[in-house]
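# Generate a structure from the sequence data that follows.
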Amino acid sequence: MLKIGLVGSAYLIEKHIDSVVKSSNFQLVGYYNVNANSGSKLPTSIVNQYEFCDLNELLHQTQLIYLFSLSEDDRMPITIQVIKSANHLLIDKSNIKSTIEAKQLLDLAEEAGVITQMSNISALSPLYKASKEHLALPILIESVTNIHYKNKSAYLLNDLLCDELSMIINTVNANLKKVTTIGVDISNRFPEVINALLEFDNGCNASITINTVADDDKKTIIFYTAGATTTVDFLDNKIKKVYALDNQKDFSEKEIKVMDNSQLNIELSAISESIKQQKSLSTDLHDMLKIHEILNKISEKLKINLSLVQD
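Below is the predicted model:
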């Protein structure tokens, strides 16, 4: 069993600790609360059994750190500290904001010889994982994310695009040839609606539309392949495949079952297998570097810094 530690806020630690404890591949050594002075406390039973007040002490006793979303001041220093301790790393995608950061962390991880894997990213979601076996050689990918205009939560365009790109690059497996973008600035502050068209050298095109002033919430991605379309609906939590019958005249449809609804279970299983084989088998820092390189191209076309734009 791999010895794992959790690092992040009390809220996220409490949210995920039971799943980690119940995982058959891991032994929870403990956790480090980065906001211990904020007043947010975990239940006494958890504190007494698992709390570490010194991050270095936790790092000395673990083989893998699960790094939750951290504050702007903490995310890079703590990530670097974890990698330099020679711990393998499962890291929330929001902790990496640029190509410079992704490259710096990738270089450090390769120097330390550690396995990295991204967390809280759609490429590792149960829906995408269940649909992937049906997505051989897509010709067109169409992704749409709508955020209701009355929703007061902050949505970084950078994070929304990152999610879509993680699925696209994991499906297409080709080099990007061209990026075309359109931004619609409704409020005269920044583009509330953006569309990016990605052209790959294997002939596949991918369209990403994000609308933060929609009249309803929506998150879907459709994969068009020869003979079928596969729609992944993240809000309705379902996958539908429409396919041509053998007579090539008629069509039928079916829903694809999702066997494991826990993204954390998928993430833990994936990194456990990667560590066992000593090579990355899932979305890692190499992929994050590719994603941020594409984000840079989209930013340049739109003439905005996507990591600073939020609803």
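# From Tyr32, how far out is Ser23?
Taking C-beta to C-beta, to the nearest Å as the measure, Ser23 falls 19 Å from Tyr32. For glycine as for every other residue, the C-beta is placed from the backbone atoms N, C-alpha and C.
# Comparing the two, which residue is more hemmed in?
Tyr32 (22 against 18; other C-beta atoms under 10 Å).
# what is the mean pLDDT for the helix or strand harbouring the more buried one?
Taking DSSP states H and E as the definition, Tyr32 sits inside strand 26-33. The average pLDDT for strand 26-33 rounds to 96.
# what comes up buried for the helix or strand just after it?
Toward the C-terminus, strand 26-33 is succeeded by helix 44-50 as the next helix or strand (DSSP H and E). Across helix 44-50, burial judged by 16 or more other C-beta atoms under 10 Å covers Ile46, Tyr50.
# which phi and psi does the residue nearest to Asn35 when sequence neighbours are not counted have?
Distances taken as C-beta to C-beta, 6 or more residues apart in numbering place Ser9 nearest to Asn35, at 5.1 Å, with adjacent residues excluded. In terms of degrees, to the nearest 10, the main-chain angles of Ser9 are phi -80, psi 160.
# With adjacent residues omitted, what lies nearest to Tyr243?
Ala228 (3.8 Å).
# now do Gln81
Nearest non-adjacent residue to Gln81, counting by C-beta to C-beta, 6+ apart: Leu55, 6.8 Å away.
# do the same with Ser269
Per C-beta to C-beta, 6+ apart, closest to Ser269 is Asn25, 7.0 Å.
# what are the phi and psi angles of that neighbour?
phi -90, psi -10.
# in the sheet, who's paired with the residue nearest to Tyr243?
Thr225, Tyr243 (DSSP bridges).
# quick one, what contacts it?
Residues near Ala228 by C-beta atoms under 8 Å, 6 or more residues apart in numbering: His134, Lys241, Val242, Tyr243, Ala244.
# surely Lys254 meets Leu245?
No: with contact defined as C-beta atoms under 8 Å, Lys254 does not reach Leu245; the gap is 11.9 Å.
# remind me, longest helix of the protein?
Of all the elements of type helix in the chain, the one with the most residues (DSSP state H) is helix 285-302.
# quick one: low-confidence ranges for the chain?
The chain contains residues with pLDDT under 70 at 38-40, 152-155, 247-248, 260, 305-311.
# ok, which stretches of it are helices?
Under DSSP H, the chain gives helices at 10-22, 44-50, 55-61, 75-84, 99-112, 126-131, 157-172, 263-277, 285-302.
# so which of the ones you listed is the most packed in?
Mean neighbour count, computed with mean count of other C-beta atoms under 10 Å, is highest for helix 157-172 among the helices of the chain, reaching a mean of 23.
# Quick check: which helices or strands does it pack against?
strand 140-148, strand 193-200, strand 205-214, strand 218-225, helix 285-302 (3 or more C-beta pairs under 8 Å, 6 or more residues apart in numbering; DSSP states H and E).
# Same list (those) but as TSV, adding distance to Ser262.
Listed next are the helices and strands packed on helix 157-172 as TSV, based on distance: least, C-beta to C-beta, whole Å:
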stretch	distance to Ser262
strand 140-148	22
strand 193-200	30
strand 205-214	26
strand 218-225	19
helix 285-302	22
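# Which one, of these, ends up nearest to Leu165?
Proximity to Leu165 (C-beta to C-beta) singles out helix 285-302 among those, at 4.7 Å.
# Next, name the residue at the spatial heart of the chain.
Relative to the mean C-alpha position of the chain, the nearest C-alpha, by C-alpha atoms, centre = their mean, is the one of Ile121, at 1.5 Å.
# Report the separation between Asn151 and Asp215.
11 Å.
# Comparing those two, which shows the higher neighbour count?
Legend: neighbour count by other C-beta under 10 Å for Asn151 and Asp215, higher for Asn151 (13 against 9).
# Pull up the gap between the more buried one and Lys15, please.
For Asn151, the distance to Lys15 - C-beta to C-beta - is 21 Å.
# ditto for Ser274
Per C-beta to C-beta, Ser274 is found 24 Å from Lys15.
# Remind me what the longest helix of the chain packs against, helices and strands.
helix 99-112, strand 116-119, helix 157-172, strand 176-184, strand 193-200.
# 7 Å instead, please
helix 99-112, helix 157-172, strand 176-184 (3 or more C-beta pairs under 7 Å, 6 or more residues apart in numbering; DSSP states H and E).
# now what about it, what contacts it?
96, 98-99, 102-103, 105-106, 109, 116, 118, 158, 161-162, 165-166, 169, 176, 179, 181, 183, 191, 194, 196, 305-306 (C-beta atoms under 7 Å, 6 or more residues apart in numbering).
# I'm done for today, thanks for sticking with me.
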